[in-house]
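Visitor: I would like the atomic coordinates for the input below:
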Amino acid sequence: MRRKETTSWQAVGEWYGRTVGAMGHYYHQQVILPRSLELLALKPGSSVLDLACGQGVLARRLPEGVAYCGLDIAPSLIAQAKRLDRNPHHSYLVADVTKELPLAKRDFTHAVAILALQNIRDPARVIENARRHLGAKGKLLIVLNHPYFRIPRRTRWQIDVAEHVQYRRVDGYMTPLSIPISMHPGRGKRSEETWSYHLPLAEYSRLLYEGGFLIEKIEEWVSGRRSVGAAARMENRARQEFPLFMALLARRV
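Guide: Below is the predicted model:
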């Protein structure tokens, strides 16, 4: 019998914390955080609401003078964030970001959901909370595993041997999906599960529009890794053609 579906990462919090580390994993450091900070364009006096913040990896890359509040439903991740972040202008709370937030502040300049919205069953509530706690013309940044090229169990790498081309196979896209993810496949039924929720891009656009936001910019981010060896040309071309992540920057209206 499948275990109860839960979107909290409490059960895998310690493992996730070790994987991400104080500075973030490779893609945090080389792609996600630098590109996110470019889009956010934070200034002294800016304030950031981090929805489903995990262990606070974004907070530790913010410029000086930027206030920050991170929320996550997993107590173990919030505990890690507090241990790693000694900035007096940063705070963390255990909270379900799909429910009313325990925050009085309603004039944040920016809200973010970085590699988080795809793991939350009800993204509309997260967007609603972002709007509720942003000031006029506040910005919301959503970063996702690419919703077309990186769908668990629906996309995969394949190779056309005759053409010597690596390509991305897509077996489905338009249908929303709830997908259980085994975090440690080698453990079989003893492995902890998390959940991934696939939506097509048009659905994210609808959720943002109905939630009181207009999309200002969409970016697609590729991997910076490089292969060597006989397959390097094929693999490196594929990396540049098929983005790993999508960023949606929207403005509150």
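Visitor: check which helix or strand covers the closest residue to Phe213 other than its chain neighbours.
Guide: For Phe213, the nearest residue in space outside its immediate sequence neighbours is Ala250; the separation is 3.8 Å by CB to CB, 6 or more residues apart in numbering. Backbone N, C-alpha and C define where each C-beta goes, glycine included. Ala250 belongs to strand 245-252 when assigned by DSSP states H and E.
Visitor: what about the residue nearest the centre of the chain, distance to Ile32?
Guide: A centroid search over the chain (CA atoms, centre = their mean) returns Leu115, at 0.9 Å, as the residue closest to the centre. For Leu115, the distance to Ile32 (CB to CB, to the nearest Å) stands at 7 Å.
Visitor: overlap of the contact sets of those two?
Guide: Overlap between the contact sets of Leu115 and Ile32, as judged by CB atoms under 8 Å, 6 or more residues apart in numbering, is given by 143, 245.
Visitor: what's the local residue count around Leu103?
Guide: Other residues near Leu103 come to 16 when the count uses other CB atoms under 10 Å.
Visitor: what's the closest non-adjacent residue to it?
Guide: Nearest in space to Leu103, with sequence neighbours left out and distances taken as CB to CB, 6+ apart, is His133 at 6.0 Å.
Visitor: and the one you found, what's its pLDDT?
Guide: Looking at His133, its pLDDT is 98.
Visitor: now swap in Glu14 and tell me
Guide: We have a pLDDT of 68 for Glu14.
Visitor: any low-confidence regions in the protein?
Guide: Low-confidence segments of the chain, defined by pLDDT under 70, span residues 1-17, 183-191.
Visitor: can you show me the helices along the stretch 151-253 of the chain?
Guide: Per DSSP state H, counting those that start in this stretch, the stretch 151-253 of the chain carries helices over the ranges 201-210, 232-241.
Visitor: and the residue lying farthest from the centre of the chain, what are its phi and psi?
Guide: No residue in the chain sits farther from the centre than Ala162, which is 36.7 Å out by CA atoms, centre = their mean. Ala162 adopts backbone torsions of phi -60, psi -40, taken as degrees, to the nearest 10.
Visitor: for Arg156, see how far away the residue nearest to the centre of the chain is.
Guide: Per CB to CB, Leu115 is found 20 Å from Arg156.
Visitor: equivalent analysis for Lys139, please.
Guide: In this view, Lys139 and Arg156 are 34 Å apart by CB to CB.
Visitor: looking at these two, which is more packed in?
Guide: Between Lys139 and Arg156, counted using other CB under 10 Å, Lys139 has the larger neighbour count: 25 against 12.
Visitor: so the more buried one bridges to which residues?
Guide: According to DSSP bridges, His110, Arg251 are recorded as the beta-bridge partners of Lys139.
Visitor: I'd say it and Thr109 touch.
Guide: Yes. Assessed by CB atoms under 8 Å, Lys139 is found in contact with Thr109 at 7.1 Å.
Visitor: would TSV of the helices of the stretch 151-253 of the chain with mean neighbour count and distance to Pro176 be doable?
Guide: Rendered in TSV, the data for these read as follows (neighbours: other CB atoms under 10 Å; distance: least, CB to CB, whole Å):
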stretch	mean neighbour count	distance to Pro176
helix 201-210	16	7
helix 232-241	14	26
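Visitor: contact partners of stretch 80-90?
Guide: Here stretch 80-90 makes contact (CB under 8 Å, 6+ apart) with 13, 17, 22, 53-56, 59-60, 65-70, 72, 92.
Visitor: could you rerun that using 10 Å?
Guide: Outside of stretch 80-90, the residues within contact range by CB atoms under 10 Å, 6 or more residues apart in numbering are 13-14, 16-18, 20-23, 47-48, 50, 53-57, 59-60, 62, 64-70, 72, 74, 91-92.
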